[in-house]
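Colleague: Just need the structure, nothing else, for what follows:
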Amino acid sequence: MAVVDHPRAVRAVVVRQSCDTAEERDGAEQGTALLLDSLAAFLADGTHG
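Modeller: As a prediction, this is how the structure comes out:
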């Protein structure tokens, strides 16, 4: 995962994953979705300093 600076002062999170099977890919997608949902909730809270 990498945080990338965008020209318009926006940051983007880029996630790249390589999986050998569809089952691994599905699990990785679910885990990534949970991670990004948690990050979005944390940032939306606005109390993180």
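Colleague: for the protein, which spans come out with low pLDDT?
Modeller: Scanning the chain for pLDDT under 70 picks out 1-10, 48-49.
Colleague: Pick out the residue nearest the middle of the chain.
Modeller: Leu36 (4.0 Å; C-alpha atoms, centre = their mean).
Colleague: can you pull the contacts of it?
Modeller: Contact analysis of Leu36 by C-beta atoms under 8 Å, 6 or more residues apart in numbering lists Val13, Val15. Quick note: C-beta positions are derived from backbone N, CA and C, even for glycine.
Colleague: start the count at 50, not 1, going forward
Modeller: Let's use 50 as the start, then, which means that last one is Leu85.
Colleague: So it belongs to a strand, correct?
Modeller: No. Going by DSSP: H, G, I helix; E, B strand; the rest coil, the assignment for Leu85 is helix, not a strand.
Colleague: how close does it get to Asp69?
Modeller: Plainly put, Leu85 is 23 Å away from Asp69 if you go by C-beta to C-beta, to the nearest Å.
Colleague: ditto for Ala61
Modeller: Counting by C-beta to C-beta, the gap from Ala61 to Asp69 is 27 Å.
Colleague: again, but for Thr81
Modeller: In terms of C-beta to C-beta, Thr81 sits 17 Å off from Asp69.
Colleague: And the helices in the protein?
Modeller: Assigned by DSSP state H, the chain shows helices spanning 71-94.
Colleague: give me the number of residues near Asp86?
Modeller: When neighbours are counted by other C-beta atoms under 10 Å, Asp86 registers 10.
Colleague: Would you mind listing the buried residues in stretch 82-93?
Modeller: Counting neighbours by 16 or more other C-beta atoms under 10 Å, one finds that stretch 82-93 has no buried residues.
Colleague: Count the residues that sit near Gln79.
Modeller: By other C-beta under 10 Å, neighbour count at Gln79 equals 10.
Colleague: ignore the last one, Val64
Modeller: Val64 is flanked by 13 other residues according to other C-beta under 10 Å.
Colleague: Hmm, it is touching Thr81, no?
Modeller: Yes. Here Val64 reaches Thr81: they are 5.3 Å apart, a contact under C-beta atoms under 8 Å.
Colleague: OK, contacts around Arg74?
Modeller: Neighbours of Arg74 in contact, by C-beta under 8 Å, 6+ apart: Gln66, Cys68.
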